[in-house]
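**Student:** Here is the input, now give the coordinates:
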Amino acid sequence: TGLIAAGISCAGFGVIGRFGVDALSSEPHTTGMGEMFGSGGLAVAVVCACVLVCRTPLTWIVWPVRAVGSMPLTAYAGQLVAWSAWIWAQDPPVDPIGGFHAVDPFWPMVLATVVFCCAWSLFVGRGPLEWAVGAIATRAAPARLDG
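**Tutor:** Just a heads-up that it's a prediction; the model follows:
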């Protein structure tokens, strides 16, 4: 709970940047201190709150999020492929750079990612790209048992 309070405090500090001090800018992607404290603090608070929820009987509520979190590389790569297909399937075609935001499949993408990861987790286990990276890493640097 202490880290949640610290995260919320940092996020609150980030709001100060909205009052005109350039070095404390909290505008997105400006690398201002306000933006870094705000987004970092919020991330710490959210992660800590999720960890606390996972230590209670309510852990089943966050199981879909845990399923996605167990295969982030697969989820992100799948989303990139789906975004690309979605952009190129538009009629008229969408400019992949400038028109990216014109294509807005956010909720379908979220639902598809959660459903895929939950099903994969239930029926297969480890994500396919996580498995592949693990296999490559094991072959590249086999475990040494002799200490």
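
**Student:** Please make it C-alpha for all contacts and neighbour counts, starting now.
**Tutor:** Fine.

**Student:** Go through the host helix or strand of Tyr76 and flag the buried ones.
**Tutor:** Assessed by DSSP states H and E, Tyr76 sits inside helix 72-89. Under the neighbour-count criterion of 16 or more other Cα atoms under 10 Å, helix 72-89 has 73-75, 78-79, 83, 86-87 buried.

**Student:** domain parsing for the chain?
**Tutor:** Split into domains by automatic domain parsing, the chain comes to 1-55, 57-147.

**Student:** Comparing those, which comes out most buried?
**Tutor:** Ranked by mean neighbour count, the domains of the chain are led by domain 1-55 with a mean of 17 (mean count of other Cα atoms under 10 Å).

**Student:** And that domain, end to end?
**Tutor:** End-to-end span of domain 1-55 (Cα to Cα, to the nearest Å): 13 Å.

**Student:** coming back round to it: if you average pLDDT over each of the domains of the chain, which is lowest?
**Tutor:** For those, mean pLDDT drops lowest on domain 1-55, to a mean of 77.

**Student:** Hmm, Met33 and Phe13 touching each other?
**Tutor:** No: Phe13 is not in contact with Met33 according to Cα atoms under 8 Å; the separation is 9.2 Å.

**Student:** just the helices in the chain please.
**Tutor:** 2-15, 33-54, 63-69, 72-89, 106-123, 128-140 (DSSP state H).

**Student:** Just give me how far stretch 113-123 sits from the chain centre.
**Tutor:** Its chain's average C-alpha position is 16 Å from that of stretch 113-123, according to Cα atoms, centre = their mean, to the nearest Å.
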